[in-house]
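Participant: What would the 3D arrangement of this be:
(one chain, ligands or ions: 1)
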Amino acid sequence: MNKKYQVVGIGNAIVDVISQSDDSFLDLMGIQKGIMQLVERERGEMLYAAMTNRTQAPGGSVANTVAGLGSLGLTTGFIGRVHDDALGRFYASSMQAEGTDFVNPPVAEGELPSSRSMIFVSPDGERSMNTYLGISSELGPDDVSDDVAGNAALLFLEGYLYDKPQGKEAFERAAKLCREGGGKAGIALSDPFCVDRHRDDFRRLVRDLDFVIGNEHEWQSLYQTDLSTALEQAAADSGLIVCTRSGHDVVLVQGDQQVSVPVNEIVPVDATGAGDQFAAGFLYGFATGQSLEVSGRMGCIAAAEVISHYGARPEVDVKDLFRKEGLIG
Ligand SMILES: OC[C@H]1O[C@H](O)[C@H](O)[C@@H]1O
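Facilitator: Next up, the predicted model:
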């Protein structure tokens, strides 16, 4: 298919502010370990000030996936919203520099600043994210142009967008444009609490979209049952489903075909972005016509790379890693 973009993503455009902390610091600050929690602006500022040795990097779940695909050499675009402030300009220019079109220019009007997530990484590699959504949560249908969503061979949608009515509209419009243009659209379930908030919508999306990627907790939350029953139901509902299981075999089901891809269990330096980069590796395989098994293996390689260092995006050429495993020539 001759499209301007091999993959387009739509989601929250978030600058990650990363620091290391121990669990007693999390307790002291009232941070729940291992999840993404939304925070108000004031609390975000307080947490930011409490961070020692902080570093800053572009993040956002689906944006991380699309950036990973861009650095793998696919033509990629990302639909997100940043303010025309220092963080927003940093975000937009970093995406471009990493090889992904950041298609909507930073917005000058309005008062909400660019989004940021204060991420505390524990000594065991677990990450605790505290996200102030800011302008990102104002993403709406007007931010989705025909030229971008209608020109995508694959569209990857972030489940978190469903948290705001205008985000949901943007998501639905992008999916419609992509599929009317002959592309395929899929969703990242985002997190179990997000699934809980939008169960009916997400079950409909599993039936309607072309592929769905989630982890075991998200699939269990979606069908409110044990994992194997949940995956059976998902596979019956959807053309292609993928389930990651942190440190355990990944399960992929497409029609009658079911594949399990083994994962080498390693202690992460920083677990941030593991699912996002799994999705990047998997979608790279999917977009380039690889088998289900090879695509799953690519996902596992990309995920293993990103958890071996701080930050949610790859630091090496992941294609080299695919070559070393004999997955590409
Ligand atoms: O999945 C990891 C991402 O989720 C949050 O949205 C952070 O921005 C981080 O980069």
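Participant: which SS state does Asp249 fall under?
Facilitator: In three-state terms, and counting by DSSP: H, G, I helix; E, B strand; the rest coil, Asp249 is strand.
Participant: which residues touch it?
Facilitator: Applying CB atoms under 8 Å, 6 or more residues apart in numbering to Asp249 gives the contacts 260-263. All C-beta atoms are positioned from the backbone trio N, CA, C, and that covers glycine.
Participant: and those, which are buried?
Facilitator: 261, 263 (16 or more other CB atoms under 10 Å).
Participant: Quick one: the contacts of Asp249 as a markdown table, columns for pLDDT too.
Facilitator: Compiled in a markdown table, the contacts of Asp249 are given as follows (pLDDT from 0 to 100):
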| residue | pLDDT |
| --- | --- |
| Ser260 | 97 |
| Val261 | 98 |
| Pro262 | 96 |
| Val263 | 95 |
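Participant: Considering the contacts of Asp249, which is situated nearest to the ligand?
Facilitator: Nearest to the ligand among the contacts of Asp249: Val263, at 17.7 Å, using CB to the nearest ligand atom.
Participant: The ligand contacts on the stretch 1-150 of the chain?
Facilitator: Remark: the part of the stretch 1-150 of the chain in contact with the ligand comprises 12, 14, 16, 36, 59-61, 64, 117, 129, 131, using CB under 6 Å from any ligand atom.
Participant: will you turn those into CSV that also has distance to Pro105?
Facilitator: CSV is the format used below for those (distance: CB to CB, whole Å):
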residue, distance to Pro105
Asn12, 17
Ile14, 18
Asp16, 22
Met36, 27
Gly59, 20
Gly60, 17
Ser61, 22
Asn64, 21
Ser117, 22
Met129, 27
Thr131, 23
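Participant: Give me the subset of those residues that lies in helices.
Facilitator: Within those, residues falling in helices by DSSP state H are 61, 64.
Participant: Return the member of the residues of the stretch 1-150 of the chain next to the ligand nearest to the ligand.
Facilitator: Gly59 (2.6 Å).
Participant: now the closest one, nearest residue through space, not along the chain?
Facilitator: Asp16 (3.4 Å; CB to CB, 6 or more residues apart in numbering).
Participant: ok, now Gly273?
Facilitator: Closest to Gly273 by CB to CB, 6+ apart is Ala312, at 2.8 Å.
Participant: Name the SS class of that neighbour, please.
Facilitator: Under three-state DSSP, Ala312 comes out as coil.
Participant: can you give me the strands in the protein?
Facilitator: Ranges of strands in the chain, per DSSP state E, are 5-10, 14-20, 36-38, 55-59, 76-79, 100-102, 115-121, 127-132, 152-158, 184-188, 211-215, 240-245, 248-254, 257-261.
Participant: Pull out the buried residues from the fourth one.
Facilitator: When you say that, I think you mean strand 55-59. For strand 55-59, using 16+ other CB under 10 Å, the buried residues are 57-59.
Participant: Just put those in JSON lines and tack on pLDDT and distance to Val144.
Facilitator: Output for the buried residues of strand 55-59, formatted as JSON lines (pLDDT from 0 to 100; distance: CB to CB, whole Å):
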{"residue": "Ala57", "pLDDT": "97", "distance to Val144": "26"}
{"residue": "Pro58", "pLDDT": "97", "distance to Val144": "20"}
{"residue": "Gly59", "pLDDT": "98", "distance to Val144": "21"}
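Participant: Now distance to Glu216 too, for these, in TSV please.
Facilitator: Shown next, in TSV, are the buried residues of strand 55-59 (distance: CB to CB, whole Å):
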residue	distance to Glu216
Ala57	27
Pro58	28
Gly59	23
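Participant: which one of those residues sits closest to Asn2?
Facilitator: The nearest member of the buried residues of strand 55-59 to Asn2, counting by CB to CB, is Pro58 at 29.2 Å.
Participant: distance of the closest residue to that closest one other than its chain neighbours from the ligand?
Facilitator: Leaving aside its sequence neighbours, Pro58 sits nearest to Ser94 (CB to CB, 6+ apart; 4.3 Å). Ser94 sits 12 Å away from the ligand, going by CB to the nearest ligand atom, to the nearest Å.
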